[in-house]
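[1] this one's structure only:
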């Protein structure tokens, strides 16, 4: 078994460089910190409300 690594040709290197450039443009995104915090707070509130209703339902249901 050979431990040699296959060498890349010029076309393969160019494709790889182009792919990395495209990846960088996709990753860069403008984040609005205040908006994201607002969304997260809304999600947490929704989860808390669901928990409260579930607890109330289980706690106050009639027992036979």
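    Structure received. Keep in mind that this is a model prediction, so the values were computed, not measured.
[2] can you map out the helices along the protein?
    All helices of the chain, identified by DSSP state H, fall at 10-27, 33-60.
[3] and of those, who's closest to residue 1?
    helix 10-27 (23.4 Å; C-beta to C-beta). (C-beta placed from N, C-alpha, C; glycine too.)
[4] give the other helices and strands that the closest one contacts.
    The contact analysis (3 or more C-beta pairs under 8 Å, 6 or more residues apart in numbering; DSSP states H and E) places helix 10-27 against no helix or strand.
[5] now distance to residue 4 too, for the helices of the chain, in CSV please.
    As requested, the helices of the chain are exported to CSV (distance: least, C-beta to C-beta, whole Å):
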stretch, distance to residue 4
helix 10-27, 17
helix 33-60, 49
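[6] what's the weakest-modelled helix or strand in the protein?
    helix 33-60 (a mean of 74; mean pLDDT, DSSP states H and E).
[7] format the helices of the chain as a markdown table; extra columns: mean neighbour count and distance to residue 3.
    Output for those, formatted as a markdown table (neighbours: other C-beta atoms under 10 Å; distance: least, C-beta to C-beta, whole Å):
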| stretch | mean neighbour count | distance to residue 3 |
| --- | --- | --- |
| helix 10-27 | 9 | 20 |
| helix 33-60 | 10 | 48 |
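[8] among these, which comes closest to residue 2?
    Using C-beta to C-beta, the nearest of the helices of the chain to residue 2 is helix 10-27, at 19.7 Å.
[9] let's test this: mean pLDDT of that closest one, rounded?
    If you average the pLDDT over helix 10-27, you get 86.
[10] need the contact partners of that helix.
    residue 8 (C-beta atoms under 8 Å, 6 or more residues apart in numbering).
[11] mind running it again at 10 Å?
    6-8 (C-beta atoms under 10 Å, 6 or more residues apart in numbering).
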